[in-house]
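Enquirer: sequence below, structure please.
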Amino acid sequence: MTQGERIKEVRKSLKLTLEKFGEKIGVKKNAISAVENNRNSLSEQMAKSVCREYNVNETWLRTGEGEMFLPVNRKTKIEKLTNQLLSEESDSFKNRLVSVLADLNENEWEFLEKKAMQLCGIDEEDDINKLYSELPAGKDIEKEYPPVNSDKKDVG
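Expert: Next comes the predicted model:
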């Protein structure tokens with residue numbers, strides 16, 4: 001498999017159009033298409049951007065060895081969310097929610113944790129660990145429940 005074919009495999013696995021895939025790494029869809037179809041070779045800059053923006057294993061992208069995606073830890077997830085928040089409108093739901101959470105004091109955090117545990121039917125710490133081990137990954141959730149893209153309209 002060529003690097004171009006691997007780029008296409010990444011894009012398809014993320015269910016992104018040429019345009020959406022290219023937007024995030026700063027190139028036009030025709031540039032992505034040319035690489036995918038082996039008309040142009042994958043530039044160093046594009047390879048680095050793909051790996052950084054889509055958490056792609058650079059070794060896999062260059063050689064085909066290893067896993068397509070790097071494992072994601074909690075710190076990486078938080079960094080990714082922070083970058084998304086900084087690039088979105090300040091009144092987006094994510095920004096409003098994080099702003100509310102940032103203002104919570106310790107008692108409010110404890111209350112929120114207890115309520116979340118009640119909602120999940122969790123009584124003990126062992127149940128929490130079991131719940132976390134059974135949670136699907138973010139990409140699995142998006143496959144099952146794709147994001148809704150609709151225009152905001154006044155209701156009522």
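Enquirer: give the contact list for the spatially closest residue to Glu58 that is not a sequence neighbour.
Expert: The shortest distance from Glu58 to any residue other than its chain neighbours is 4.7 Å, reached at Cys51 (C-beta to C-beta, 6 or more residues apart in numbering). Any C-beta I mention is one placed from the backbone N, CA and C, and that applies to glycine too. Counting by C-beta atoms under 8 Å, 6 or more residues apart in numbering, Cys51 touches Asn57, Glu58, Leu61.
Enquirer: mark which of those residues are buried, thanks.
Expert: Buried by 16 or more other C-beta atoms under 10 Å: Asn57, Leu61, out of the contacts of Cys51.
Enquirer: take the contacts of Cys51 and write them to TSV, including secondary structure.
Expert: Below are these laid out as TSV (DSSP: H, G, I helix; E, B strand; the rest coil):
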residue	secondary structure
Asn57	coil
Glu58	helix
Leu61	helix
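Enquirer: please tabulate the contacts of Cys51 in CSV, including the columns pLDDT.
Expert: Rendered in CSV, the data for those read as follows (pLDDT from 0 to 100):
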residue, pLDDT
Asn57, 95
Glu58, 96
Leu61, 97
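Enquirer: which of the contacts of Cys51 lies closest to Thr17?
Expert: Closest approach to Thr17 among these (C-beta to C-beta): Leu61, at 19.7 Å.
Enquirer: shaky segments in the chain?
Expert: Across the chain, residues meeting the criterion (pLDDT under 70) sit at 124-156.
Enquirer: what's the closest non-adjacent residue to Arg11?
Expert: Distances taken as C-beta to C-beta, 6+ apart place Phe21 nearest to Arg11, at 4.5 Å, with adjacent residues excluded.
Enquirer: now do the one you found: how many residues are near it, please.
Expert: Close neighbours of Phe21, defined as other C-beta atoms under 10 Å, add up to 23.
Enquirer: so it, which state does it fall into?
Expert: Phe21 - assigned by three-state DSSP - is helix.
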